[in-house]
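Engineer: sequence and computational prediction follow.
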Amino acid sequence: MGDEVAPRDLRVSHAEREHVSRLLAAHLEAGRLSPDEYETRSAAAVAVTRADLNQLLLDLPGAEAVRSREILEWTSNHGDLERSGEWLVPSRIVVRSHFGDVKLDLRDARFMTPVVTLDVDMWVGDVDLRLPPGGTVDVDEVRVHVGHVTNTITPAVHRGDPHVVVRGRLYVGDVKTR
């Protein structure tokens, strides 16, 4: 009702700040930042909002998606959706599919945020989600009608990086995470 906060104005977590700090260190190691630039940006990584945090990365490779979108929306009727290899994962992925499977391989992907939400609304199709080592998943908010949820990722005491939250509904289909 007009009271919604834009995603860029949301407050960030410690995990998101740490994620950006790791990205900055990688850019320093690759020679994209001087030691002085790295120190200045690292000090600013105590940012409060996503916009403030994203500002630290906008002129570095991989920031194109920060500028272009915060949500990836996929829609398919009678076809499969698949993403793998090196790609930049936004904070939210929305999948709407009728009569098709979704294969989402995050093992070689780069993440804009340490937590990714996968919203599914599917009729007759399976979701196959592959995470990189150290990743964790939460499947408590996904509802499957005529199908199964199979999570083969070992539960962790602490949230991994990345952490994927799968939520939504599937009618006649399975969710498999590995």
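Structural biologist: Good, I have the coordinates.

Engineer: and the top helix by length along the chain, what's its mean pLDDT?
Structural biologist: Longest helix in the chain, counting residues (DSSP state H): helix 14-29. On average, the pLDDT along helix 14-29 is 85.

Engineer: where does the residue lying closest to L28 once chain neighbours are set aside sit, in terms of helix or strand?
Structural biologist: Leaving aside its sequence neighbours, L28 sits nearest to Y38 (C-beta to C-beta, 6 or more residues apart in numbering; 4.2 Å). Just so you know, the C-beta spots here come from the backbone N, C-alpha and C atoms, and that holds for glycine as well. In this structure, Y38 sits in helix 35-44 according to DSSP states H and E.

Engineer: buried sites along the host helix or strand of N54?
Structural biologist: N54 belongs to helix 50-55 when assigned by DSSP H and E. If you call a residue buried by 16 or more other C-beta atoms under 10 Å, then helix 50-55 has these buried ones: R50, D52, L53, N54.

Engineer: what does stretch 105-118 give?
Structural biologist: Buried residues in stretch 105-118 (16+ other C-beta under 10 Å): D105, L106, A109, F111, M112, T113, P114, V115, V116, T117, L118.

Engineer: list the contacts for the nearest residue in space to the third one that is not next to it in sequence?
Structural biologist: Going back to what we said before, that points to A109. Spatial nearest neighbour of A109, excluding adjacent residues (C-beta to C-beta, 6+ apart): V89 at 4.8 Å. Taking C-beta atoms under 8 Å, 6 or more residues apart in numbering, we find V89 in contact with L72, L106, A109, R110, F111, M112, V116, P162.

Engineer: what's the pLDDT at the second one?
Structural biologist: Which is L106. We have a pLDDT of 96 for L106.

Engineer: that one against G134, yeah?
Structural biologist: No - in this structure, L106 is not within contact of G134 by C-beta atoms under 8 Å, at 11.3 Å.
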